[in-house]
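Provided below for reference: sequence and predicted model.
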Amino acid sequence: MAQGGVNPDTQSYNIMINGFCKIKKVDEAMNLFKKMHCKNIIPNVVTYTSLIDGLCKSGKISYALKLVDEMHDRGVPPDIITYSSILDALCKNHQVDKAIALLTKLKDQVFEDLFVKGYNLDVYAYTVMIQGFCVKGLFNEALALLSKMEDNGCIPDAKTYEIIILSLFKKDENDMAEKLLREMIARGLL
């Protein structure tokens with residue numbers, strides 16, 4: 001019998017899949033995922049997100065993106081953790097163009113969808129997205145996201161500011177960098 005709305009079989013598979021992904025045995029995790037399908041056990045957002053995170057950390061981002069498509073096809077909406085894993089992997093693998101394309105594609109949908117569902121983006125998720133914009137020199141977008149972050153009640157941390165400030169200094173945008181540095185000091189983050 002399902003407890004708390006989660007099929008015990010799904011939960012058991014989730015634990016094993018997540019465990020395999022954590023120890024970098026993504027192929028084994030994928031095999032379990034395939035067994036779930038064969039046994040007609042329905043994967044949930046936790047199942048997919050564990051696999052997506054494992055695939056991203058193994059450098060198999062294209063497979064992770066295919067799983068996101070599969071999630072949509074099966075009516076399992078990705079959550080903030082799912083998107084954070086993908087955006088983080090894309091940025092870390094110098095695929096900022098893809099991260100920005102994904103973010104642009106999802107931006108309105110993700111923000112609205114997540115807020116309507118009661119999710120709050122955390123500092124990490126915002127910082128990953130801001131970093132992607134900074135890497136591409138899209139400072140207006142990074143600063144707009146910083147502002148949106150604060151408007152949504154998420155307070156930037158030192159890492160968030162550091163990413164923007166260092167990027168601004170590298171692009172000789174010293175006035176804006178100094179303004180943010182003063183703001184960072186005023187907030188007691190430095």
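That came in fine, so what should we check first?

Map the structural domains onto the sequence of this protein.
Following automatic domain parsing, the chain resolves into domains at 1-78, 79-190.

Turn these into a markdown table, including mean pLDDT.
Formatted as a markdown table, the domains of the chain follow (pLDDT from 0 to 100):
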| stretch | mean pLDDT |
| --- | --- |
| domain 1-78 | 88 |
| domain 79-190 | 82 |
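
Just put these in JSON lines and tack on mean neighbour count.
Backbone N, C-alpha and C define where each C-beta goes, glycine included. As requested, the domains of the chain are exported to JSON lines (neighbours: other CB atoms under 10 Å):
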{"stretch": "domain 1-78", "mean neighbour count": "16"}
{"stretch": "domain 79-190", "mean neighbour count": "17"}
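
which residues in this structure form helices?
Assigned by DSSP state H, the chain shows helices spanning 8-22, 26-38, 45-57, 61-73, 80-92, 96-116, 123-135, 139-151, 158-170, 174-186.

Please report phi then psi for the nearest residue to residue 158 once chain neighbours are set aside.
In space, and not counting its chain neighbours, residue 158 is closest to residue 189: 4.3 Å by CB to CB, 6 or more residues apart in numbering. Dihedral pair for residue 189: phi -90, psi 0, per degrees, to the nearest 10.

separation between residue 189 and residue 121?
Plainly put, residue 189 is 19 Å away from residue 121 if you go by CB to CB, to the nearest Å.

And residue 59, by the same measure?
Taking CB to CB as the measure, residue 59 falls 25 Å from residue 121.

Return the distance of residue 84 relative to residue 159.
14 Å.
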